[in-house]
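J.: Any chance you could fold what I've pasted below:
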Amino acid sequence: MTMTRLLLLSACFIALLHCFSNAQDPTQSATSSADEQPSAEYDADLAESLGADEYGMKSYVFVVLKTGKTTIDDKQKSKEIFAGHFANMTRLAKEGKLVVAGPFVEGRPKRGLYIFNVTTIEAAEELVNTDPAVQAGILDYELTKLYCSAALMKINEIHSTIQKTKIE
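T.: Numbers count the residues shown, from 1 in each chain. The predicted structure follows:
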């Protein structure tokens with residue numbers, strides 16, 4: 001695994017830890033008052049552009065990719081499927097639908113994750129099923145709703161400025 005992938009994966013996990021440590025049910029009443037003044041750092045325009053609620057959070061769908069039931073022994077066919085897998089992730093990221101993606105290190109049968117910028121399991125399932133590796137049965141998946149920092153929406157923009165070598 002390249003250093004770039006390790007750094008990206010580390011950044012993703014740090015962001016996710018923040019999400020999980022601050023997670024709360026967005027349907028429950030808040031402890032803060034609507035009359036509270038925003039912090040000095042608060043950027044209303046940025047918050048709105050990212051779809052943030054008053055806590056700087058928003059809904060996503062978290063996907064765990066797992067080893068599927070299909071094994072492809074033909075190396076060329078497998079290479080083509082995974083080229084499509086990466087191309088699909090790139091397309092979804094450019095469309096603003098895929099916020100975070102990355103492989104798990106030594107996590108089999110869990111292989112990796114996606115975080116989709118959608119609010120329903122059904123919408124995420126439509127997106128994950130565009131993945132050629134999922135279509136081929138090499139990868140399977142589990143979907144879970146996630147309430148996390150809206151700042152995740154900036155990860156692809158930031159990543160492109162630190163990525164020296166493109167993943168293909």
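J.: what's the nearest residue to T67 if we skip its chain neighbours?
T.: In this structure, T67 finds its nearest non-sequential neighbour in P109, 4.3 Å apart by CB to CB, 6 or more residues apart in numbering. In this view, the C-beta of every residue, glycine as well, is placed from N, C-alpha and C.
J.: dump the residue contacts of the residue nearest the centre of the chain.
T.: Closest to where the C-alpha atoms of the chain average out (CA atoms, centre = their mean) is I115, at 2.2 Å. Each residue near I115 by CB atoms under 8 Å, 6 or more residues apart in numbering is listed here: 60-63, 98-101, 146, 148, 152.
J.: pLDDT averaged over the helix or strand harbouring it - what is it?
T.: Using DSSP states H and E, I115 maps to strand 110-116. Averaged across strand 110-116, the pLDDT comes to 97.
J.: Direction included, what does it pair against?
T.: Sheet pairing of strand 110-116 (DSSP bridges) gives strand 57-67 (antiparallel), strand 98-103 (antiparallel).
J.: and it, which residues are buried?
T.: Neighbour-count burial for strand 110-116, counted by 16 or more other CB atoms under 10 Å, picks out 111-116.
J.: Can you tell me which of the strands paired with strand 110-116 is packed in deepest?
T.: Compared across the strands paired with strand 110-116, strand 98-103 shows the largest average neighbour count, a mean of 22 (mean count of other CB atoms under 10 Å).
J.: what about it, distance to the chain center?
T.: How far strand 98-103 lies from its chain's middle: 4 Å, per CA atoms, centre = their mean, to the nearest Å.
J.: Report the mean confidence score over it.
T.: Across strand 98-103, the average pLDDT comes to 95.
J.: same thing with stretch 124-140?
T.: 98.
J.: Go through it and flag the buried ones.
T.: Result for stretch 124-140 [16+ other CB under 10 Å]: buried residues 124-125, 127-128, 131-136, 138-140.
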